[in-house]
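Enquirer: Sequence and predicted structure below; questions after.
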Amino acid sequence: MKRLLIGIVLVVLPGTSVDGEEPPRPLVPIAAKLEPTRQVVYKTVGKRELRLHIFEPKGHRPSDRRPVFLAIHGGGWVGGEARKFYPFAEYFARQGMLGISLEYRLISRKSGATNTTVFDCVRDGRSAVRYLRQHARALGIDPARIVVAGGSAGAQVAAGTALFPKVNAATDDLKISSTPNALVLFYPVIDTSAEGYGQKKIGDRWRELSPVHHVRAGVPPTLIFHGTADTVTPHAGAVRFQKNMRAAGNPCQLISHPAGPHGYLIFDLKLFEQAMCRTAKFLQQQKILE
């Protein structure tokens, strides 16, 4: 925990104003300055290589068995990039985890002769977790301590690693589980019906990719951050998801930010740091982070 607090002080205090109130500072400039330790190809689709953007903790060795924080950016499945979630991956690398930002296909791009779909986005997320487990020894990670996190549409992809067992890439080894040991969802696309977000992009098969409609016993412990003023992915969906999770006997915490809009964490560094600290405590409770 000492290391965690040091990270907060170093980032937050320089922006404090004379009267003690820190003006909001967005994450985008910070993400632009961060660079991963290395990139690893976890999957090739056609001629395109999909990569894990890895932030290694100081002194990391292949012989280690580090926990993993796999972060998945949002963008409505049509935009965004791995760099967008570099701050999330880098933060947890400072806490001793292998922090990773995921590169996955977007539905605005083409793969071979057919257009990419939201199903492909989910397949890539599931492939990434399987890759991590399959190559755990070479990467120096513990395959039993993998956390998958995501924001907005990326949170739907993250949830899909645990909730959509029938959505798999043809090249995946299905003997390897894609279910992580914990989920962290930031203002998630959690309901893809007309009441939520995503039905128009997914089409008639929206229910197959709607997390709130696939909750069952055995879903990993989940932490959700959601703003009550979110007009993109309604807060009500997160409330319903938590209710369904608890009814199924799954641990699920929902942290609601009063009047928080969609994506509120990327607009305010102080709120981001607070959320990361809260996430670290959650992971400690789950015996994933020491």
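Expert: Great, that's in hand. Residues are numbered from 1 along each chain as shown.

Enquirer: Look at Leu70 and give its secondary structure.
Expert: Of the three states, Leu70 takes strand according to DSSP: H, G, I helix; E, B strand; the rest coil.

Enquirer: so what's it bridging to?
Expert: With DSSP bridges as the criterion, Leu70 is bridged to Ile100, Val148.

Enquirer: what about it, how many neighbours?
Expert: Leu70 has 29 neighbouring residues, counting by other CB atoms under 10 Å. All C-beta atoms are positioned from the backbone trio N, CA, C, and that covers glycine.

Enquirer: go on, Phe267?
Expert: 16.

Enquirer: Confirm for me that it is in contact with Pro26.
Expert: Yes - if you go by CB atoms under 8 Å, Phe267 and Pro26 touch, sitting 5.4 Å apart.

Enquirer: show me where the stretch 151-290 of the chain has strands.
Expert: 182-186, 222-227, 252-257 (DSSP state E, counting those that start in this stretch).

Enquirer: Kindly compare burial across these and name the winner.
Expert: The highest average neighbour count among the strands of the stretch 151-290 of the chain, using mean count of other CB atoms under 10 Å, belongs to strand 182-186 at a mean of 28.

Enquirer: Would you check that Arg25 makes contact with Leu269?
Expert: Yes - if you go by CB under 8 Å, Arg25 and Leu269 touch, sitting 4.1 Å apart.

Enquirer: So if I had to pick from these two, which one is more boxed in?
Expert: Counted by other CB under 10 Å, Arg25 and Leu269 do not tie: Leu269 has more neighbours, with 21 against 17.

Enquirer: What is the neighbour count of Thr44?
Expert: Neighbours around Thr44, by other CB under 10 Å: 10.

Enquirer: give me the beta-bridge partners of it?
Expert: Residues in beta-bridge contact with Thr44 (DSSP bridges): Glu49.

Enquirer: Tell me where the protein is predicted with low confidence.
Expert: By pLDDT under 70, the weakly predicted segments of the chain are 1-24, 109-114.

Enquirer: those helices in the protein, which residues are they?
Expert: Along the chain, counting by DSSP state H, helices occupy 2-12, 28-33, 86-94, 118-134, 136-139, 153-163, 199-202, 235-247, 269-285.

Enquirer: Please give the centre-to-centre distance between stretch 245-264 and its chain.
Expert: 14 Å (CA atoms, centre = their mean, to the nearest Å).

Enquirer: Next, format the strands of the stretch 151-290 of the chain as JSON lines and append distance to Trp206.
Expert: As requested, those are exported to JSON lines (distance: least, CB to CB, whole Å):
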{"stretch": "strand 182-186", "distance to Trp206": "18"}
{"stretch": "strand 222-227", "distance to Trp206": "20"}
{"stretch": "strand 252-257", "distance to Trp206": "22"}
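
Enquirer: Cool, thanks, signing off.
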